[in-house]
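J.: Model the following, please.
(2 chains)
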Amino acid sequence: DTGVSQDPRHKITKRGQNVTFRCDPISEHNRLYWYRQTLGQGPEFLTYFQNEAQLEKSRLLSDRFSAERPKGSFSTLEIQRTEQGDSAMYLCASSFAGGRNEQFFGPGTRLTVL
Amino acid sequence: SQQGEEDPQALSIQEGENATMNCSYKTSINNLQWYRQNSGRGLVHLILIRSNEREKHSGRLRVTLDTSKKSSSLLITASRAADTASYFCATDATGGYQKVTFGTGTKLQVIP
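T.: Next up, the predicted model:
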């Protein structure tokens, strides 16, 4: 499967715990994006990497959120001290710089904070 | 914040009918894209239209773009039950880092 993959697909955690999600983009894509989607809403942009550089972060990304893409390939999104309001679907997408910015999405990680 | 707003929020049609969804946005854009999302799943890219294009076709999909009105429409012809999904428009604003901003979505139900 050469699409975008995300792991895990579902995560249930207790409030206050830390969680980490992983995204593996399409191999030749150098841009990687993280979005958050809550029920009935469109995806909201969180952050964006070009290769290993994190070029933009949304105001939605509080201090408890951190994302990395250390080698310009896979990326991780960590949420520290989770809150119930963090419950959402976390989507990763990738695209090829120099293209038309068509983004290919992974299946998402659904986070439930109890 | 959401850049675009889709209209209507929900649409229910019979199989075989055409479905039209509209999207309005706020800032100047490079491209506008339409995505489909089946319940609880990731998004699938449908079609991209550049800011200097007015109309584009792909299979049963027809997209129009009116940059003077900052609006776009997606027409699905001869709808099928499998078209049941949420449809989102997404724009990347000029001068940005290719960040794509999604609208609020239209939930389409096609009744067999």
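J.: From here on, just use CA atoms for contacts and neighbour counts.
T.: OK.
J.: Secondary structure element holding A:Thr20?
T.: strand A:19-24 (DSSP states H and E).
J.: Against which helices or strands is that strand packed?
T.: On a contact count with 3 or more C-alpha pairs under 8 Å, 6 or more residues apart in numbering or on different chains; DSSP states H and E, strand A:19-24 meets strand A:5-7, strand A:75-79.
J.: So which of these is nearest B:Ala10?
T.: Closest approach to B:Ala10 among the helices and strands packed on strand A:19-24 (C-alpha to C-alpha): strand A:5-7, 29.2 Å.
J.: That closest one pairs with which strands?
T.: Strand A:5-7 has the following strand partners under DSSP bridges: strand A:19-24 (antiparallel).
J.: quick one: contacts of the partner strand?
T.: If you take C-alpha atoms under 8 Å, 6 or more residues apart in numbering or on different chains as the criterion, strand A:19-24 is touched by A:4-8, A:13, A:73-80, A:82, A:92, A:106, A:109.
J.: just to revisit the earlier point, just the mean pLDDT for the strand holding A:Thr20, thanks.
T.: Per-residue pLDDT values across strand A:19-24 average out to 98.
J.: Also stretch A:33-43?
T.: Mean predicted confidence for stretch A:33-43 is 91.
J.: May I have it as CSV, with CA atoms only?
T.: Coordinates of each C-alpha in stretch A:33-43 appear next as CSV, following Å, rounded to 0.1, in the frame of the first residue of the first chain:
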residue,chain,number,x,y,z
TYR,A,33,0.3,18.2,7.1
TRP,A,34,-1.6,17.6,10.3
TYR,A,35,-5.3,18.4,10.7
ARG,A,36,-7.8,18.0,13.4
GLN,A,37,-11.5,17.3,12.7
THR,A,38,-14.3,17.3,15.1
LEU,A,39,-17.8,15.9,14.5
GLY,A,40,-19.7,17.8,11.8
GLN,A,41,-16.8,20.1,11.0
GLY,A,42,-14.3,20.3,8.2
PRO,A,43,-10.6,19.5,9.0
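J.: List the buried residues of it.
T.: Within stretch A:33-43, the residues that count as buried by 16 or more other C-alpha atoms under 10 Å in any protein chain shown are A:Tyr33, A:Trp34, A:Tyr35, A:Arg36, A:Gln37, A:Gly42, A:Pro43.
J.: how about it against chain B, any contact?
T.: Yes - contact of stretch A:33-43 with chain B (C-alpha under 8 Å from any C-alpha of the partner chain) involves A:Gly40, A:Gln41, A:Gly42, A:Pro43.
J.: so how far is that stretch off the chain centroid?
T.: Put simply, stretch A:33-43 sits 10 Å off its chain's centre (C-alpha atoms, centre = their mean, to the nearest Å).
J.: What lies in contact with it?
T.: Contacts of stretch A:33-43 (C-alpha under 8 Å, 6+ apart): A:44-49, A:87-94, B:2, B:88, B:101-105.
J.: Repeat that for stretch B:27-46.
T.: By C-alpha under 8 Å, 6+ apart, the list of residues contacting stretch B:27-46 reads A:91, A:100, A:102-108, B:3, B:47-51, B:67, B:70, B:74, B:84-94.
J.: So among these, which ones count as buried?
T.: Using 16+ other C-alpha under 10 Å as the burial test, the contacts of stretch B:27-46 include A:91, A:102-108, B:3, B:47-49, B:67, B:74, B:84-93 as buried.
J.: roughly how far is the strand holding A:Thr20 from the heart of the chain?
T.: Here strand A:19-24 is found 7 Å from its chain centre; the criterion is C-alpha atoms, centre = their mean.
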